[in-house]
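K.L.:
sequence and predicted model, in that order:
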Amino acid sequence: MTLWFNLAPAQRSTVSVLVPAVLLLALCCVCSLLFGAGEIGPRMAIQALLGNGSDDAHFVIYELRLPRTLVGLVAGLCLGVAGALMQAVARNPLAEPGLLGVSAGSAFSVAVALSLGMSIATLPVELAQLGALIGCFCVIGVAQMQGQRNDPIRLVLAGAALTSLLTAMTSILLLYNEKAADEIRFWVTGSVAGRHLDQLVTLLPSLLIALCCVLYVARPLASLALGERVAIGLGYKPSRIRLIVVFAVALLVGAATAIAGPVIFVGLVVPFAARALVGADIRRTLWLCLPLGPVMIISADVFSRLIAQPAEMPLGVLTAIVGAPVLLVIVRSQRLPIL
């Protein structure tokens, strides 16, 4: 074990890291079913899972905790993979959907739908994905002006400006619609509570398309990390790869935002941890993001139920508590200039 820790991340086999991550995810899922803010504790939950227990325990486990666990799994997977893709295509460790306005664009489109009379339960996921797509193009377009394609400060400032603008516009919409404001108040800080399995079914087509896009761009992104000339020499077209990545990120972030709200920092922390464990190869990073993303979401959701009983703390608050220090570590390690 000591020898494994002494190995450089690139020297560790993917399986040796992926298996513990999958086991950790399984443990988080079990804890999500056993623990909660209500009266149904681990003992009653185990009885319900074994087919015994009261009707209340069955309702809490199968109608409340199981759906939010599955929603957390899907949302964490989407945000973790989307963060890894954005950082790879931008060649910037600060490229994260929540920081760059992508999640804010998706949230704004949801707010518009709510102000028009829709509800979270019946919200078309395509609306959230369209908002995320517009956010992607706006931020990347501004960041690449004057040919400064890899300027991290320009990218972060563009994302901060877009996020502030869209957040203000969302607040204005909700100010004149009290019903929409009541429905979105808890969702806008991130939450997987109160979701249903039917909402996950509606995401399957877009997730399958996003999966195909990820499989298509994984190898070209690994070549693009060596430089555009290398990628072109290997027969890839960088502009096409970036376009496909932006489309995949929009599908993933839009889907996650539609079911869990604009949860921030997951797309920053998860790829950062994956690279620390297996190195910078995007193909290995993506594999590890698959379990690590859900681990962060589900574990944060479990803590949100336990630390503020009998109420629940918003999910986005806990992810921000974890993500903010990681952001500072990345900025310090990259030695980015402070404006």
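P.N.:
Done, it's in.
K.L.:
hey, let's count contacts and neighbours off CA atoms from now on
P.N.:
OK.
K.L.:
count of neighbours near residue 104?
P.N.:
Per other C-alpha atoms under 10 Å, the neighbour tally for residue 104 reads 32.
K.L.:
helix or strand: which one has it?
P.N.:
In the assignment (DSSP states H and E), residue 104 maps to helix 102-115.
K.L.:
can you tell me the element residue 329 falls in?
P.N.:
helix 315-334.
K.L.:
quick one: buried residues of that helix?
P.N.:
315-320, 322-323, 326-327, 330-331 (16 or more other C-alpha atoms under 10 Å).
K.L.:
residue 309 reaches residue 39, doesn't it?
P.N.:
No. Counting by C-alpha atoms under 8 Å, residue 309 stays clear of residue 39, with 10.4 Å between them.
K.L.:
which element is residue 292 on?
P.N.:
Going by DSSP H and E, residue 292 is in helix 282-306.
K.L.:
just residue 249 next, same as before
P.N.:
Going by DSSP H and E, residue 249 is part of helix 238-260.
K.L.:
after that helix, next one along is what?
P.N.:
Criterion used, DSSP H and E; the element after helix 238-260 is helix 266-278.
K.L.:
closest one of the buried residues of helix 315-334 to residue 107?
P.N.:
Nearest to residue 107 out of these is residue 316 (C-alpha to C-alpha; 13.4 Å).
K.L.:
quick check: the closest one touching residue 191?
P.N.:
Yes. The pair residue 316 / residue 191 is scored as a contact, 7.2 Å apart, by C-alpha under 8 Å.
K.L.:
between these two, which contacts overlap?
P.N.:
Contact criterion C-alpha atoms under 8 Å, 6 or more residues apart in numbering; residues bridging residue 316 and residue 191 by contacting each: residue 263.
K.L.:
OK, contacts around residue 105?
P.N.:
Residues near residue 105 by C-alpha under 8 Å, 6+ apart: 128, 131-135, 163, 166.
K.L.:
tilt between the helix holding residue 329 and helix 238-260?
P.N.:
Orientation note: helix 315-334 sits at an angle of 150 degrees relative to helix 238-260 (axes from the mean of the first three to the mean of the last three C-alpha atoms, to 10 degrees).
K.L.:
use 577 as the first number from now on
P.N.:
Okay, using 577 as the starting number, the last item reads as helix 891-910.
K.L.:
which elements pack onto helix 891-910?
P.N.:
When contacts are defined as 3 or more C-alpha pairs under 8 Å, 6 or more residues apart in numbering; DSSP states H and E, helix 891-910 sits against helix 842-854, helix 858-882.
K.L.:
picking up where we left off before, farthest pair in the contacts of residue 681?
P.N.:
Most distant of the contacts of residue 681, by C-alpha to C-alpha, are 704 and 739, 15.0 Å apart.
K.L.:
contact partners for residue 637?
P.N.:
Residue 637 neighbours (C-alpha under 8 Å, 6+ apart): 609, 621, 624-625.
K.L.:
helix, strand or coil for it?
P.N.:
helix (DSSP: H, G, I helix; E, B strand; the rest coil).
K.L.:
per-residue confidence at it?
P.N.:
With respect to pLDDT, residue 637 scores 88.
K.L.:
next one: it from residue 774, what distance?
P.N.:
For residue 637, the distance to residue 774 (C-alpha to C-alpha, to the nearest Å) stands at 17 Å.
K.L.:
my guess is residue 614 contacts residue 888. True?
P.N.:
No. Checked against C-alpha under 8 Å, the pair residue 614 and residue 888 is beyond contact range at 10.1 Å.
K.L.:
between the two, which is the more surrounded one?
P.N.:
residue 888 (18 against 12).
K.L.:
that one reaches residue 881, doesn't it?
P.N.:
Yes. Assessed by C-alpha under 8 Å, residue 888 is found in contact with residue 881 at 4.8 Å.
K.L.:
show me where the stretch 727-876 of the chain dips below the pLDDT cut-off.
P.N.:
Along the stretch 727-876 of the chain, segments meeting pLDDT under 70 span 727-729, 731-732, 753-763.
K.L.:
go again using 90 as the cut-off
P.N.:
727-782, 794-827, 829-845, 848-859, 876 (pLDDT under 90).
K.L.:
and what of the stretch 577-726 of the chain?
P.N.:
577-594, 611-641, 662-726.
K.L.:
in it, which spans are helices?
P.N.:
With DSSP state H, counting those that start in this stretch as the criterion, the stretch 577-726 of the chain has helices at 578-582, 590-610, 618-625, 631-635, 642-666, 678-691, 701-719.
K.L.:
and the contacts of residue 637, which of them are buried?
P.N.:
So, by 16+ other C-alpha under 10 Å, the buried ones in these are 609, 621, 624.
K.L.:
who touches the last one in this structure?
P.N.:
What that stands for is residue 624. Contacts of residue 624 by C-alpha under 8 Å, 6+ apart are 630, 633-634, 637.
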